Every structure is written in structure tokens, then in C-alpha cells.
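K.L.:
pasted the sequence and its predicted model underneath.
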Amino acid sequence: MLREVEHTIDIGAPAPAVYRLIAQVENWPRIFPPTLYVDHLEKDGDTERIRIWATAGGEPKNWTSRRTLDADALRITFRQEVSTPPVAAMGGTWIIEPLTGTTSRVRLLHDYRAIDDDPDGLAWIDEAVDRNSRSELAALKSNVELVHTTEDVTFSFEDSITIAGAAKDAYDFVNEAGRWPERLPHVATVRFEEPTPGLQVLEMDTRAKDGSTHTTKSYRVTFPHHKIAYKQITLPALMTLHTGYWTFIENPDGTSTATSQHTVVLNTANIARVLGPDATVADARKYVHDALSTNSRATLGHAKDHAENQR
């Protein structure tokens with residue numbers, strides 16, 4: 001039995017701008033809370049294949065979809081190639097309709113079937129599609145409208161290190177996060193699991209410079225032995241979003257380069273509480289940048305030592 005549902009939301013931004021955000025899948029982990037990571041597999045004109053890692057019903061899933069983009073009609077159709085149980089088939093359409101020159105309506109259509117038309121499976125899909133669609137559209141609205149505000153609350157940066165050793169050995173150090181408490185001084189405890197190969201859940205308690213500890217939880221998607229992408233889902237008070245990735249590249253001269261990249265959206269509502277009543281957005285940016293960069297550089301330094309000791 002094929003189920004068809006539609007969700008809509010009105011957004012205070014021009015329709016072409018909204019279309020661009022949805023069309024560029026690298027934006028998705030930033031604008032859609034359930035999305036962990038999206039990878040392009042193929043691109044041919046207006047059609048593409050993408051692989052999506054996301055949470056559905058609180059569980060991490062991944063699937064491959066084909067998309068057809070129609071920039072003139074402001075419409076994107078999608079169809080899962082191989083769905084994850086209990087989904088037998090899933091597809092739909094994004095339709096962006098201009099309301100005025102500065103506002104638009106987004107319609108998100110889904111059609112799907114459950115494996116063997118199982119009623120329990122269909123109920124699970126109904127709930128997951130409804131919850132994810134509502135949260136995706138609400139996040140799309142707030143994030144698109146945030147772009148039109150003046151405060152610079154989103155920023156990205158990276159740290160790199162050159163290693164006299166193999167990229168694979170540095171990758172292994174970052175990949176084996178379950179061993180970080182014995183390997184990294186700033187990591188107090190770790191709860192680490194890999195429910196399916198290449199998809200990891202990492203919860204850890206990290207020590208700050210002042211001796212306090214804070215807990216973070218991330219989903220990580222691994223691409224041996226060159227990239228680990230992640231999205232934090234339990235966040236410190238000063239962030240509403242934190243995504244990033246580790247990359248590991250072999251250099252022609254026999255060295256390798258390891259890089260840690262971060263993208264952050266600041267939680268401006270907590271700046272005064274955390275940093276004091278006179279603190280500015282710039283103060284919060286510096287504080288968060290310094291804290292993340294300190295931990296990244298420490299991890300990169302230990303990964304370098306590990307890789308060079310393997311030689």
C-alpha cells in the first residue's frame with residue numbers, strides 16, 4: 001500500500017534562495033537536524049546520486065537517493081535506490097513556491113511503502129516521516145531566515161599538521177576513539193560503539209583548561225583511510241550546531257597531512273550566561289574557536305606521534 005503525505009511551511013526568504021539551500025546537499029547537516037552527512041556519488045547535468053546518513057526515529061540510518069533538480073521550476077524530485085528496513089520504497093518532491101519577492105512556501109511531498117505492507121512498519125515510517133519533515137521544515141525556515149540577519153554567528157576553520165608517517169596510521173588513531181581516554185589527556189571517559197561498519201556513535205567527557213568537564217555526543221561517518229565526518233548532537237551551551245571532519249592525505253614527499261575542520265553556529269542566547277553580561281558575538285566566536293582548536297590540535301599532535309612511531 002502506497003502512502004502519500006505532504007508537509008508545508010512559509011519562509012521569509014526569496015524562493016530561489018531557498019531552492020539553492022536545498023539543492024546544495026553539503027548544506028544539509030547544517031540546516032536539517034536529522035542529517036549527519038551527505039556524500040555525492042555521481043553527478044550528470046540535472047541528475048545526481050547522493051548517499052545520506054541521518055537519524056530516523058532516533059536511530060542512525062543511511063541510504064542512497066537519485067535526485068533530479070529543476071532550477072527553473074524550483075522543484076527537486078528524489079527517490080531512494082535501496083531503502084533501509086522497515087522502508088520498502090521511498091520518494092518525493094521538494095516544491096518551492098514564491099509568495100512575494102521576499103517570501104516563499106515550501107511543500108515537501110513523500111510517497112512510501114513498508115516491507116510486506118507490515119502495519120507496524122508503516123506506523124514507524126509514518127511517525128519518522130512526520131517528525132523528520134516537521135523538524136526539517138522548521139530548521140530550514142530558521143536557518144534560511146538566519147542568513148538574512150546581520151550577526152555573524154556561523155563560521156568555519158581548520159587546523160592541519162604534517163606527519164613524517166603514513167596517513168593510514170594517523171587515520172587509525174582518530175578512528176579508534178574508544179581508546180582516546182588512554183591516549184588523549186583532555187579526554188576523561190568515552191562511550192563508543194559502531195552499530196554498523198562506518199557509522200560510529202561517540203559520547204565523551206572532555207576536560208577544559210579550567211579543569212571542568214563537559215559531555216558531548218557525536219555521530220561519525222568513516223571513509224577509510226582518508227576521512228571521518230561527524231555531527232555533534234549533544235552540544236555545549238555556546239553552540240546550536242557543530243559539524244566537522246578529519247582528513248588524511250598522503251603527500252608526494254612521503255609525509256602525510258592530517259586536518260581537522262569545524263563548522264559552528266553560535267547560540268547567542270547563552271553568551272551572557274556563559275561569558276558575562278558584556279560579552280559580544282566576537283568574544284563568543286573567539287572562545288569557541290580557541291576551545292575547539294585546542295582540542296583538535298592536541299588530538300592531531302598525538303595522532304602525529306602515533307603515526308611516526310609506526311614507521
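P.N.:
Okay, I see it.

K.L.:
first-to-last residue distance for stretch 187-203?
P.N.:
11 Å (Cα to Cα, to the nearest Å).

K.L.:
from the chain's centroid, how far away is it?
P.N.:
16 Å (Cα atoms, centre = their mean, to the nearest Å).

K.L.:
I would like the residues contacting that stretch, please.
P.N.:
53, 60, 62, 177-178, 180-181, 204-207, 213, 215-224, 230, 234 (Cβ atoms under 8 Å, 6 or more residues apart in numbering). The C-beta positions use only the backbone N, C-alpha and C, and glycine is treated the same way.

K.L.:
once you drop chain neighbours, what's closest to Leu266?
P.N.:
Take Leu266 and drop its neighbours on the chain: the residue closest to it by Cβ to Cβ, 6 or more residues apart in numbering is Val153, 4.4 Å away.

K.L.:
show me what contacts that neighbour?
P.N.:
The contact partners of Val153, taken as Cβ under 8 Å, 6+ apart, are 146, 265-266, 268, 281.

K.L.:
could you pick out the buried ones from these?
P.N.:
The neighbour-count test (16 or more other Cβ atoms under 10 Å) marks 265-266 as buried among those.

K.L.:
which ones among the contacts of Val153 map onto strands?
P.N.:
Under the assignment DSSP state E, those contribute 265-266 to strands.

K.L.:
and the contacts of Val153, which two are the farthest apart?
P.N.:
Spatial extent of the contacts of Val153 (Cβ to Cβ) is set by the pair Leu146 and Val281 at 12.9 Å.

K.L.:
just the buried positions in the helix or strand encompassing Ile249, please.
P.N.:
Taking DSSP states H and E as the definition, Ile249 sits inside strand 239-250. By 16+ other Cβ under 10 Å, the buried positions in strand 239-250 come out as 239-248.

K.L.:
hmm, back to that, please pick the buried ones from the contacts of stretch 187-203.
P.N.:
Buried among the contacts of stretch 187-203 (16+ other Cβ under 10 Å): 53, 60, 62, 177, 180, 204, 206, 216, 218-222, 230.

K.L.:
okay, those in JSON lines with pLDDT and secondary structure next?
P.N.:
Listed next are those as JSON lines, based on pLDDT from 0 to 100; DSSP: H, G, I helix; E, B strand; the rest coil:
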{"residue": "Trp53", "pLDDT": "94", "secondary structure": "strand"}
{"residue": "Pro60", "pLDDT": "86", "secondary structure": "strand"}
{"residue": "Asn62", "pLDDT": "88", "secondary structure": "strand"}
{"residue": "Ala177", "pLDDT": "97", "secondary structure": "helix"}
{"residue": "Trp180", "pLDDT": "97", "secondary structure": "helix"}
{"residue": "Met204", "pLDDT": "95", "secondary structure": "strand"}
{"residue": "Thr206", "pLDDT": "90", "secondary structure": "strand"}
{"residue": "Thr216", "pLDDT": "92", "secondary structure": "strand"}
{"residue": "Ser218", "pLDDT": "96", "secondary structure": "strand"}
{"residue": "Tyr219", "pLDDT": "97", "secondary structure": "strand"}
{"residue": "Arg220", "pLDDT": "97", "secondary structure": "strand"}
{"residue": "Val221", "pLDDT": "97", "secondary structure": "strand"}
{"residue": "Thr222", "pLDDT": "97", "secondary structure": "strand"}
{"residue": "Tyr230", "pLDDT": "97", "secondary structure": "strand"}
